[in-house]
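Novice: what would the 3D arrangement of this be:
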Amino acid sequence: MKKLVCGMVMGLSLVTMVAAQHRGRDNPDFLAAEFNPKYTASSIMLEEVSGGVRIYAAQNLGRYLYSVADDATQLMWNQEHLPWMEGAAGNGVGQTITLSCDKSFSSLSILNGYVDLANPAAFRENSRAKSIRIEDLDNGLVYQLDLADEIAFTGIQLELPTCNVLLRIASVYEGSVYQDACVSALIPEDAPSTFYFQGQGDSRAVGVGRRF
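Specialist: Numbers count the residues shown, from 1 in each chain. The predicted structure is shown next:
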């Protein structure tokens, strides 16, 4: 478990580390651009808003949560970031996300719920995944990931590298206002990252992934 204190981990500022992640990417819009991630879902939510439609698409799961100032001294919440929100009837149990990458990955990081630092209430108002079944479609392995009800990245180390996984919501924390289940980020990685800003709390959980 990595501790985050005042935006610092291992002596490196969060701004410096995120700025470094932005540099040298073929597609700067995506956190894991080197994997060329493709996200699909069993359903998505379309919300009518003034002037158009807000799309809570699966592709949102890979987009940057932050932008970095040109001088790399400030880290700013990406006001345009939206989570994936399922659009099926009910609370989201049984809904799925499929992640396919051109390059194999060995771990996943998940930011659960509707995370918007400009609107913190959205996290509790919408449903969040409580447990997720993860199917490794390349190796035939299955994991169960239990998620704490908090704004934090949870990582799971896979037994074997893979290019394709399917995540199925097994249970949820019910939203206080809306039933729709949300996930804000799903990031493929070579290994668990050394940091993540989490909005609330000060730890990055390495997930309890149980193979069965």
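Novice: output the below-cut-off pLDDT ranges for the chain.
Specialist: Along the chain, the model assigns pLDDT under 70 to residues 1-31, 67-75, 192-212.
Novice: which residues touch the spatially most central residue of it?
Specialist: Ranked by distance to the mean C-alpha position of the chain (CA atoms, centre = their mean), the top residue is Ala185 at 1.7 Å. By CB atoms under 8 Å, 6 or more residues apart in numbering, the contact list for Ala185 reads 31, 61-62, 65, 83, 109-111, 115, 153. C-betas here are computed from N, CA, C, even on glycine.
Novice: tell me where the chain has helices.
Specialist: 14-22, 122-125 (DSSP state H).
Novice: partners of Tyr39 in the sheet?
Specialist: Leu99 (DSSP bridges).
Novice: surely Asn112 meets Thr154?
Specialist: Yes: assessed by CB atoms under 8 Å, Asn112 is found in contact with Thr154 at 6.9 Å.
Novice: more neighbours: which of the two?
Specialist: Ranked by neighbour count (other CB atoms under 10 Å), Asn112 and Thr154 place Asn112 first, with 28 against 23.
Novice: distance of the residue with the largest distance to the centre of the chain relative to Val142?
Specialist: Distance from the C-alpha centroid of the chain peaks at Gly51, with 27.7 Å (CA atoms, centre = their mean). To Val142, Gly51 is 43 Å away according to CB to CB, to the nearest Å.
Novice: can you check Pro37 too?
Specialist: On the measure of CB to CB, Pro37 and Val142 end up 21 Å apart.
Novice: likewise Ile110?
Specialist: 16 Å.
Novice: same drill for the two, tell me which one is more crowded.
Specialist: Shown here are Ile110 and Val142; by other CB under 10 Å, Ile110 has more neighbours (25 against 14).
Novice: what pairs with the biggest strand by length in the chain, parallel or antiparallel?
Specialist: For the chain, the strand with the greatest residue count under DSSP state E is strand 153-173. Using DSSP bridges, strand 153-173 pairs in its sheet with strand 96-112 (antiparallel), strand 127-136 (antiparallel), strand 203-206 (parallel).
Novice: most packed of the ones you listed?
Specialist: strand 127-136 (a mean of 22; mean count of other CB atoms under 10 Å).
Novice: what's that one in contact with?
Specialist: Residues contacting strand 127-136 (CB under 8 Å, 6+ apart): 91-92, 108, 110, 112-114, 141-147, 149, 156, 158-160, 162, 164-175, 178-183, 209.
Novice: now Gly62: how far from Ala118?
Specialist: 20 Å.
Novice: over to Asn164?
Specialist: With CB to CB as the criterion, Asn164 and Ala118 are 34 Å apart.
Novice: do Leu141 as well
Specialist: From Leu141 to Ala118 the distance is 38 Å (CB to CB).
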